[in-house]
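J.: Coordinates for the following, if possible.
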Amino acid sequence: MLIAYESKYGNTKLVAEKIAEGTKKVKGVKPQLAEIKEVNLDVLHEYDVIFIGSPNHIGGPTRGVRKFVDELGRRGLGGKTFVAFDTYLGGDFGKAVKKLERRIIEKIPGAKVLAPGLSVKVQGMKGPVSEEELTKVVEFGRMVAAKIK
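T.: Got it, this is the predicted structure:
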């Protein structure tokens, strides 16, 4: 399982880490965390599930995340399972994650979305993410990992 993310102020990275924490609660699950720019594209076929996380940028995923998804589509990852997540500020609940899920389905033929994406509220531009939200994130990671097992 790969948890790939882009993070400007560290909020999306924190969410990725908490998802990983949740997945580890399921026996035998060993998540790998990586910033999108550091993902080794040549080994993506080895992962059963790929999480992709993005901060909400003008109502959608960041340019870096969009380019990453486009590249995955060129890598022939049809049949691979994906899960999307985002961090948002204010009233943008679910906007970026829904657009990210659509992009995954459009750009990666045969891609499967395992669970509805997770949208996590950030208190301010630079954070923090509330403890209540982080508890929800850990449970989301556990729930997704349990679906896989």
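
J.: For the rest of this, base every contact and every neighbour count on C-alpha atoms.
T.: Will do.

J.: where along this protein do the strands fall?
T.: 2-5, 32-35, 49-55, 81-88, 112-113, 118-121 (DSSP state E).

J.: I'd like those as TSV, with distance to residue 133 appended.
T.: As requested, the strands of the chain are arranged in TSV below (distance: least, CA to CA, whole Å):
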stretch	distance to residue 133
strand 2-5	18
strand 32-35	20
strand 49-55	15
strand 81-88	10
strand 112-113	22
strand 118-121	6
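
J.: Take the ones you listed and lay them out in a markdown table including distance to residue 148, mean neighbour count and mean pLDDT.
T.: Below are these laid out as a markdown table (distance: least, CA to CA, whole Å; neighbours: other CA atoms under 10 Å; pLDDT from 0 to 100):
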| stretch | distance to residue 148 | mean neighbour count | mean pLDDT |
| --- | --- | --- | --- |
| strand 2-5 | 13 | 24 | 98 |
| strand 32-35 | 15 | 16 | 98 |
| strand 49-55 | 8 | 26 | 97 |
| strand 81-88 | 10 | 26 | 96 |
| strand 112-113 | 12 | 18 | 94 |
| strand 118-121 | 17 | 24 | 95 |
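
J.: so which of the ones you listed comes closest to residue 11?
T.: Each of these has some distance to residue 11 by CA to CA; the shortest is strand 81-88, at 7.1 Å.

J.: Tell me which residues are up against that closest one.
T.: Contact with strand 81-88 is made by 11-12, 48-56, 61, 94, 96-97, 100-101, 104, 111-122, as judged by CA atoms under 8 Å, 6 or more residues apart in numbering.
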